[in-house]
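A.B. asks: Need coordinates for the below:
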Amino acid sequence: MTLAVVTDSAAFLPPALAAEHGIGVVELHAIEGDDGATTARPSVAELAEAYEAALSRADEVLALHLTAVLSGTIDNARLAAARFDGRVRVLDLGVSAGALGLAALAAADADDARRGAARARDSASRSRLFFLVDDLSHLRRGGRMDRTTAMVGGALGIRPILGADATGLRVIEAVRGAARARRRLIGLAVEESGGGAPRRPRLPMRLVRLAVHYGDDPGAGLALENDLAEAMAQAGTRVEAILRSPVDAATRVHLGPGALGIVVAPALARA
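C.D. replies: The predicted model follows:
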């Protein structure tokens, strides 16, 4: 059997990397309107076209899309998959951003949908996403965050560090000041990788893959990657690779232009 993986642009996979691993990417849509930008899921027809293209080069397709708690893409994916007599398997891994992208890369190493699904679940279940945004109002307007939580980000210079999983978005910590919040963002990633913090129990050391994401400033993404790599080295963590990529256009509508994110995922052995 042969396997092709299809994901969407919310995985933040660089096009060249996706192509190298034979991963199809379906775009989530950012739509400019008179009242500002909105987003739309890919249509059933768009997803079906992507699955058909993937099936032209493989026996099975594993479709890994943005979690249903943040988008209706999974619903359309299942409708599209129903057209292919069981050759397309759709999974909601409960993740987004680099956690989704790294799971897709892990799955692409497998030679059938069963093994690919197992690898994707393993990667996603042990991944953590941490991110900062300049202004939580974008998330509130898009319905991704309630008004009370969004108000935290505007109070006295407080910068919430956010996380996302199958339950939705949540505030992990609230830090005063942008510079401190950025340092804490890196610190959380180091701790999740097993580096630990002074006077805190360390997590078991593991080999990890990291993803760094940025909004509209590539320089900010590069600086975050460099600072993260330095912090990981100082903490003695074991890093296999760091993937750096921008937030896609649709996600940027909800996060705003100044978003920064870090994903920590396990480095799985080759299938």
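A.B. asks: Run through the helices of the stretch 151-271 of the chain in chain order.
C.D. replies: Taking DSSP state H, counting those that start in this stretch as the criterion, the stretch 151-271 of the chain carries its helices at 178-192, 218-235, 249-255.
A.B. asks: tell me the centre residue of this structure?
C.D. replies: Centroid check for the chain by CA atoms, centre = their mean gives Ala97 as the closest residue, at 1.3 Å.
A.B. asks: quick one: that one and Leu129 touch, right?
C.D. replies: Yes - checked against CB atoms under 8 Å, the pair Ala97 and Leu129 is within contact range at 5.5 Å. Glycine gets a C-beta too; all of them are placed from N, C-alpha and C.
A.B. asks: quick one: common contacting residues for these two?
C.D. replies: Common neighbours of Ala97 and Leu129 are listed as Ala164, Gly261, Val263 (criterion: CB atoms under 8 Å, 6 or more residues apart in numbering).
A.B. asks: Out of the helices and strands in the chain, which is least certain?
C.D. replies: When the helices and strands of the chain are compared on mean pLDDT, DSSP states H and E, helix 147-152 comes out lowest with a mean of 52.
A.B. asks: Quick check: Ala231 vs Ala50, distance?
C.D. replies: Ala231 is 38 Å from Ala50, where distance means CB to CB, to the nearest Å.
A.B. asks: for Leu185, same thing?
C.D. replies: Leu185 is 33 Å from Ala50, where distance means CB to CB.
A.B. asks: returning to that earlier point: which of the shared contacts of Ala97 and Leu129 tops the neighbour count?
C.D. replies: Greatest neighbour count in the shared contacts of Ala97 and Leu129, by other CB atoms under 10 Å, goes to Gly261: 30 neighbours.
A.B. asks: partner residues bridging that residue?
C.D. replies: Following DSSP bridges, Gly261 is listed with bridge partners Phe131, His213.
A.B. asks: you'd agree it is up against Leu132?
C.D. replies: Yes - between Gly261 and Leu132 there is a contact at 7.4 Å, judged by CB under 8 Å.
A.B. asks: what is in contact with these two at once?
C.D. replies: With CB under 8 Å, 6+ apart, Gly261 and Leu132 have no common neighbours.
A.B. asks: now the strands for the stretch 51-200 of the chain?
C.D. replies: All strands of the stretch 51-200 of the chain, identified by DSSP state E, counting those that start in this stretch, fall at 60-64, 88-91, 128-132, 158-165, 168-176.
A.B. asks: would CSV of those with mean pLDDT and distance to Ala80 be doable?
C.D. replies: As requested, the strands of the stretch 51-200 of the chain are exported to CSV (pLDDT from 0 to 100; distance: least, CB to CB, whole Å):
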stretch, mean pLDDT, distance to Ala80
strand 60-64, 98, 8
strand 88-91, 98, 7
strand 128-132, 94, 26
strand 158-165, 84, 24
strand 168-176, 84, 25
